[in-house]
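[1] pasted the sequence and its predicted model underneath.
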Amino acid sequence: MKRAGLDYWPHVCVKIYDGWGEFRSFYESLSEPKRLIAFSARADIYYGAPEFQYQSGDWLLFGSETSGLSDEVTDFVRQTQGKVVKLPIRDGFVRSVNLAVAAGVGIFEAIRQLDEGAHIVHSRDRDPITAAAALEQGRKRMKTILSAEEKLARDDPMK
């Protein structure tokens, strides 16, 4: 875990709980806003579905790769008005998604929704012209950079 944090450690708070009961007690002591979002292959609503919106105060829960989250956890999530959301998995040969990948996918979607408008990536219901215009601006900047690099290469005295 330490290696995965690289140079981010001064900017994060890591707390390891002895088990679900200890985390549950901690969570119950928190003030609002708070909501648990449990990720599971056995949920009905997709993590990025248009009808599902992440909110400030959400806590994202991921289970182990081999067994997922227990019924005790998902029942508590539902009892506290949280949501159990689905990460799609192709049944058959694949039984789980790597935990780091699952967490990355879920966290990215939450950030994308909560920071909407702060990045070039926009939600599906946004005007596609806005995205196309941003893409064209990016292409023009790239052409400018490439033209400058070509000029530098032509003028390179070391050739």
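    Yes, it's here. Numbering: from 1, shown residues only.
[2] ok, which stretches of the protein are strands?
    Counting by DSSP state E, the chain has strands at residues 35-40, 45-46, 58-62, 83-86.
[3] tell me which of the ones you listed lies nearest to Ile111.
    strand 58-62 (10.8 Å; C-beta to C-beta). From N, CA and C alone the C-beta is placed, and that goes for glycine too.
[4] tell me the buried residues in the closest one?
    Across strand 58-62, burial judged by 16 or more other C-beta atoms under 10 Å covers Asp58, Leu60, Leu61, Phe62.
[5] likewise stretch 68-86?
    Gly68, Leu69, Val73, Thr74, Phe76, Val77, Gly82, Lys83, Val84, Val85, Lys86.
[6] need the max-distance pair from these.
    Among the buried residues of stretch 68-86, Phe76 and Lys86 lie farthest apart (C-beta to C-beta), at 18.1 Å.
[7] quick one, helices of the protein?
    Counting by DSSP state H, one finds helices in the chain at the ranges 2-5, 20-29, 71-79, 99-114, 128-154.
[8] gap between Arg112 and Ser70?
    To Ser70, Arg112 is 29 Å away according to C-beta to C-beta, to the nearest Å.
[9] ok, Ala43 next?
    Relative to Ser70, and taking C-beta to C-beta, Ala43 is found at 14 Å.
[10] cool, Ala49 as well?
    Going from Ala49 to Ser70 by C-beta to C-beta gives 24 Å.
[11] please tell me I have it right and Ala43 contacts Lys86.
    Yes - the criterion here is C-beta atoms under 8 Å, and Ala43 meets it with Lys86 at 3.9 Å.
[12] rebuild the strands of the chain as CSV, extending it with distance to Ala102.
    CSV is the format used below for the strands of the chain (distance: least, C-beta to C-beta, whole Å):
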stretch, distance to Ala102
strand 35-40, 6
strand 45-46, 13
strand 58-62, 6
strand 83-86, 11
